[in-house]
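Undergrad: I'd like to go over a predicted model; first the sequence, then the structure.
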Amino acid sequence: MADKTILITGVSSGLGLALAQEALAQGWTVVGTVRNEEAARNFTATAPGKAFARVLDVTEYARIPEVVAEVEKTIGGIEVLVNNAGYGMEGPIEESSMEEIRRQFEVNVFGALAVTQAVLPFMRQRRSGRILNITSMGGLITFPGVGIYHGSKFALEGLSETLGKEVRGFGIFVTAVAPGGFRTDWAGRSLSRAPRTIPDYDEMFEPQREARQQRNGKQSGDPVKAAKAMLTILADPNPPAHLLLGPDAVKLVEEKLDSLKAEIEAYRSLSISTDFDAI
């Protein structure tokens, strides 16, 4: 896969930056989206002639197709798209404003969709391509106090799985990558915090917020190892629809599956009682 072009949204920090750096080290041509010209200059300087930056907010939906077409024309066919741009949001669902909720989905869901829709015609024409959508273990499990974020990542998981079934016949593979806790700035600068307004939620929410703040910068997940794992998946001829990253993600998702199976069995009789009676 080396010497091919990979487009990664959000390469200024976190997993996006780690993936860009590791891909460059392995010989990829990397196009990364950033939010301003200074970030663009910094990224391009990391590997002149191999690292290319494009200033693009993934919510600039009308600009995305022209940026993608320009990359295809001037740099090369996009063999891999990594929808990494996104951010976290915390706050009880009842306290979250519709403006905050809408912004979360515009970036985490609609932005990824818009970039995907712009890239797909080129991949489909070539009958080849890989798409990695960076979701979260929070797209498969939930914690109280980050429900809006969970909703956006659950949506991206479902969209990824469905898209994979729709485009596999064109030689395009889609993997939803669900990281656990990695040492990025997700719980720091990149985390949006809804204003607190309802004291009834204090007992539930405040310990959760405190725990996230205490874990920030101490997470056990290594972003470089996550990047290497993602590049390994890109070399897999039959990649998975879902890839968990991190022992915490594996443990918590397995617990969720066990709980779901137990719930299905507990209510099996009721669940299957809803068909019309046989004549």
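TA: All right, it came through fine.
Undergrad: Please report phi then psi for residue 136.
TA: Dihedral angles of residue 136 (phi, psi; degrees, to the nearest 10) stand at phi 180, psi 160.
Undergrad: can you count the residues close to it?
TA: Residue 136 is flanked by 27 other residues according to other Cβ atoms under 10 Å. All C-beta atoms are positioned from the backbone trio N, CA, C, and that covers glycine.
Undergrad: check contacts around it.
TA: 149, 153, 178, 179 (Cβ atoms under 8 Å, 6 or more residues apart in numbering).
Undergrad: Show me what the helix or strand where the first one lies is packed up against.
TA: So that's residue 149. Using DSSP states H and E, residue 149 sits in helix 147-167. On a contact count with 3 or more Cβ pairs under 8 Å, 6 or more residues apart in numbering; DSSP states H and E, helix 147-167 meets strand 88-90, helix 98-105, helix 112-126, strand 129-134, strand 172-179.
Undergrad: mind running it again at 10 Å?
TA: Helix 147-167 sits against strand 88-90, helix 98-105, helix 112-126, strand 129-134, strand 172-179, strand 191-193, strand 242-245, with contacts defined as 3 or more Cβ pairs under 10 Å, 6 or more residues apart in numbering; DSSP states H and E.
Undergrad: got the angle for it vs helix 98-105?
TA: For helix 147-167 against helix 98-105, the angle by axes from the mean of the first three to the mean of the last three Cα atoms, to 10 degrees is 40 degrees.
Undergrad: How about helix 147-167, which residues are buried there?
TA: Neighbour counts over helix 147-167 (16 or more other Cβ atoms under 10 Å) mark 147-157, 159-160, 163-164, 167 as buried.
Undergrad: What distance do you get for residue 245 to residue 109?
TA: The spacing between residue 245 and residue 109, counted by Cβ to Cβ, to the nearest Å, is 20 Å.
Undergrad: quick one: which of the two has more around it?
TA: Using other Cβ under 10 Å as the criterion, residue 245 and residue 109 rank with residue 245 on top: 25 against 21.
Undergrad: Just give the closest residue to the more buried one, not the sequence neighbours.
TA: In space, residue 245 comes closest to residue 179 once its chain neighbours are excluded; the distance is 4.3 Å by Cβ to Cβ, 6 or more residues apart in numbering.
Undergrad: Please tell me I have it right and that neighbour contacts residue 132.
TA: No - between residue 179 and residue 132 there is no contact under Cβ atoms under 10 Å: 11.3 Å.
Undergrad: which neighbours do those two share?
TA: 230, 243 (Cβ atoms under 10 Å, 6 or more residues apart in numbering).
Undergrad: list the contacts for residue 205?
TA: Residue 205 sits in contact with 90, 91, 92, 95, 144, 145, 146, 196, 198, where contact means Cβ under 10 Å, 6+ apart.
Undergrad: at 8 Å what do you get?
TA: Residues in contact with residue 205, defined by Cβ under 8 Å, 6+ apart, are 91, 92, 144, 145, 196.
Undergrad: Check these for burial and list the buried ones.
TA: 91, 92, 145.
Undergrad: In CSV: these, plus pLDDT and distance to residue 23.
TA: Formatted as CSV, the buried ones among the contacts of residue 205 follow (pLDDT from 0 to 100; distance: Cβ to Cβ, whole Å):
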residue, pLDDT, distance to residue 23
91, 92, 35
92, 93, 38
145, 92, 34
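Undergrad: Name the residue closest to the centre of this structure, please.
TA: By Cα atoms, centre = their mean, the mean C-alpha position of the chain lies nearest to residue 134, the distance being 2.1 Å.
Undergrad: could you list every residue that touches the residue nearest to it when sequence neighbours are not counted?
TA: In space, residue 134 comes closest to residue 84 once its chain neighbours are excluded; the distance is 4.6 Å by Cβ to Cβ, 6+ apart. Going by Cβ under 8 Å, 6+ apart, residue 84 touches 8, 9, 10, 11, 14, 15, 16, 19, 134.
Undergrad: Which residue in those has the weakest pLDDT?
TA: Checking pLDDT across the contacts of residue 84, the minimum falls on residue 14 at 90.
Undergrad: burial measure for that one, as a count.
TA: 23.
Undergrad: if we can go back for a sec, output the contacts of residue 136 as CSV; include the columns pLDDT.
TA: Shown next, in CSV, are the contacts of residue 136 (pLDDT from 0 to 100):
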residue, pLDDT
149, 95
153, 97
178, 97
179, 95
